[in-house]
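Q: I would like to see how this sequence folds:
(one chain, ligands or ions: 1)
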Amino acid sequence: MSDALILVINAGSSSIKFSLFEAEQDPQLICKGQVEGIFTEPAFSAKSAAGDTLAASPLPADAPKTHDTALRYILNWLRGHTAGKTLAVIGHRVVHGGPTFTQPVRVTPQVLDVLDTTIPLAPLHAPANILPMRVLAELLPDVPQVACFDTAFHRTQPETTQLYALPYEFSQQHGIRRYGFHGLSYEYIASVLPRIDTRAATGRTIVAHLGNGASMAALSAGKCQATTMGFTALEGLPMGTRTGSFDPALVFHCLTHLDMSVQAVSDLVHKQSGLLGLSGISSDMRDLHASDEPRAKLAVDYFCQHVAREAASLAAAIEGIDALVFTAGIGENDVIVRQRVCQQLRWLGIDLDEAANVQRSPEPHRISRPDSRVAVYVIPTNEEIMIARHAVACAVD
Ligand code: ADP
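A: Numbers count the residues shown, from 1 in each chain. Sure thing, here's the model as predicted:
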């Protein structure tokens with residue numbers, strides 16, 4: 001099957017990312033790229049698996065600034081780079097599976113209709129996720145497409161964990177529950193654990209996916225038992241620009257007493273809060289570490305404290321902890337955040353190896369002392385390969 005290719009599409013509100021894999025026993029990355037700034041100044045870039053730049057250019061100035069144009073541009077570029085090979089399957093990252101989709105699914109007209117019903121649950125992401133499926137069904141009707149959901153991994157949570165304490169019938173009627181997100185990342189981490197630590201793979205592992213969007217999940221034998229994000233990706237940890245959990249009555253206060261519109265409150269909690277809102281400087285952890293401003297420190301302190309608090313809460317959900325895993329932009333790179341979180345969790349049996357913590361590696365590596373009761377790892381995540389694996393498995397079913 002080595003002439004067969006797998007295309008992974010990750011379409012966001014203003015960008016379309018792609019990864020191209022060779023369909024080996026485990027998919028092998030060939031290249032990846034994206035069109036960014038779709039509505040402003042669309043630009044295309046692509047890199048080889050080794051990280052060499054293959055292309056970097058703005059889209060033609062007279063091209064319509066739409067997802068459709070961006071996708072067609074990517075396909076055209078790919079055609080020129082895949083001569084003699086066959087596109088066997090396309091996998092899509094889909095942020096929200098709604099109440100219906102609990103595992104990857106082959107895209108059909110019926111599936112697309114059901115996916116449309118998830119738009120109110122993820123109004124920013126769902127339309128962007130769905131549109132490429134329709135365009136590709138038209139352009140490449142013979143290539144199977146598979147939708148992979150960020151919510152699916154969390155469907156193993158017990159009912160008590162998935163519920164909010166709202167009237168039960170109300171939640172059932174309106175599909176209200178704690179869906180959880182970043183599931184493809186957690187699933188990838190769970191797939192790596194058996195190779196590096198049997199106790200972590202079969203026992204109780206807490207994974208901290210700390211990126212611009214941040215969440216954590218408690219796994220028992222690789223299955224999700226609890227996670228910090230809920231109905232939307234706003235709940236849980238503070239993030240780059242999102243509040244994380246806060247008292248929802250604050251929304252009523254803003255609407256009723258501060259004369260704010262619904263849009264203004266939404267922007268406040270999604271776009272102006274988190275690290276950016278606390279610091280007044282940046283949503284990027286690197287900028288905060290580089291700053292001497294007291295509020296930069298405040299934002300870092302707030303973030304670290306909440307990661308530690310959520311870890312303890314998740315440990316209660318799975319009655320203990322055997323391993324802690326850091327992943328995503330901050331989790332994989334930020335020595336200070338990892339050090340601070342582990343320091344605050346010493347009482348749980350975490351003993352960080354300071355020297356191992358500062359070592360950089362693209363491979364999974366242990367950063368706790370050999371005699372630490374809880375093993376701590378840094379594992380680079382790879383959501384794209386997870387989608388590629390699902391796409392192949394689902395297409396041959
Ligand atoms: P997302 O996929 O949610 O957009 P990423 O997982 O790519 O986010 O993480 C992006 C974030 O990771 C950046 O906003 C930055 O805060 C953080 N980050 C990236 N590199 C570093 C680093 N070397 N040190 C600290 N933080 C980093």
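Q: I'd like to know which residues of the protein are adjacent to the ligand.
A: Proximity of the chain to the ligand, by CB under 6 Å from any ligand atom, involves residues 211-213, 240, 284-286, 328-330, 333-334. In this view, the C-beta of every residue, glycine as well, is placed from N, C-alpha and C.
Q: ok, of the residues you listed, which one's closest to residue 135?
A: residue 213 (25.7 Å; CB to CB).
Q: The closest one against residue 238, yeah?
A: No: between residue 213 and residue 238 there is no contact under CB atoms under 8 Å: 10.9 Å.
Q: pull the longest helix from the chain.
A: helix 294-317 (DSSP state H).
Q: Need the residues that contact that one.
A: The contact list for helix 294-317, computed with CB atoms under 8 Å, 6 or more residues apart in numbering, reads 161, 204, 206, 208, 210, 214, 216-218, 225-228, 236-238, 244, 275, 278-282, 285, 287-289, 321, 324, 336-337, 340-341, 344-345, 348.
Q: Next step: these restricted to helices.
A: Among the contacts of helix 294-317, the ones falling in helices (DSSP H) are 161, 275, 278-279, 285, 287-289, 336-337, 340-341, 344.
Q: May I see the ChimeraX selection of the buried members of these?
A: Selection of buried members from the ones in helices among the contacts of helix 294-317 for ChimeraX, criterion 16 or more other CB atoms under 10 Å:
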select :161,275,278,279,285,288,337,340,341,344
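Q: Note down every partner strand of the host helix or strand of residue 34 and its orientation.
A: Element membership for residue 34 (DSSP states H and E) is strand 28-36. Strand 28-36 has the following strand partners under DSSP bridges: strand 16-22 (antiparallel), strand 43-48 (antiparallel).
Q: out of those, deepest packed?
A: A comparison of the strands paired with strand 28-36 by mean neighbour count, using mean count of other CB atoms under 10 Å, puts strand 16-22 on top with a mean of 22.
Q: sorry, back to before: who wins for neighbours among the residues of the chain next to the ligand?
A: Using other CB atoms under 10 Å as the neighbour test, these are led by residue 330, with 25 neighbours.
Q: Pretty sure residue 143 sits against residue 133.
A: No: here residue 143 lies out of contact with residue 133, judged by CB under 8 Å, at a distance of 11.3 Å.
Q: out of those two, which sits in the more crowded spot?
A: Taking other CB under 10 Å, residue 143 and residue 133 do not tie; residue 133 has more neighbours (22 against 16).
Q: quick one: pLDDT of the more buried one?
A: Looking at residue 133, its pLDDT reads 97.
Q: Residue 271: which of the residues of the chain next to the ligand is nearest?
A: Nearest to residue 271, judged by CB to CB, of these is residue 240 at 9.5 Å.
Q: my read is residue 319 is in a strand, agree?
A: No: counting by DSSP: H, G, I helix; E, B strand; the rest coil, residue 319 is not found in a strand; it is coil.
Q: separation between the residue lying closest to it once chain neighbours are set aside and residue 379?
A: Excluding the flanking residues, the one nearest residue 319 by CB to CB, 6 or more residues apart in numbering is residue 204, at 7.2 Å. For residue 204, the distance to residue 379 (CB to CB, to the nearest Å) stands at 16 Å.
Q: One more: residue 343?
A: Using CB to CB, we find residue 343 at a distance of 21 Å from residue 379.
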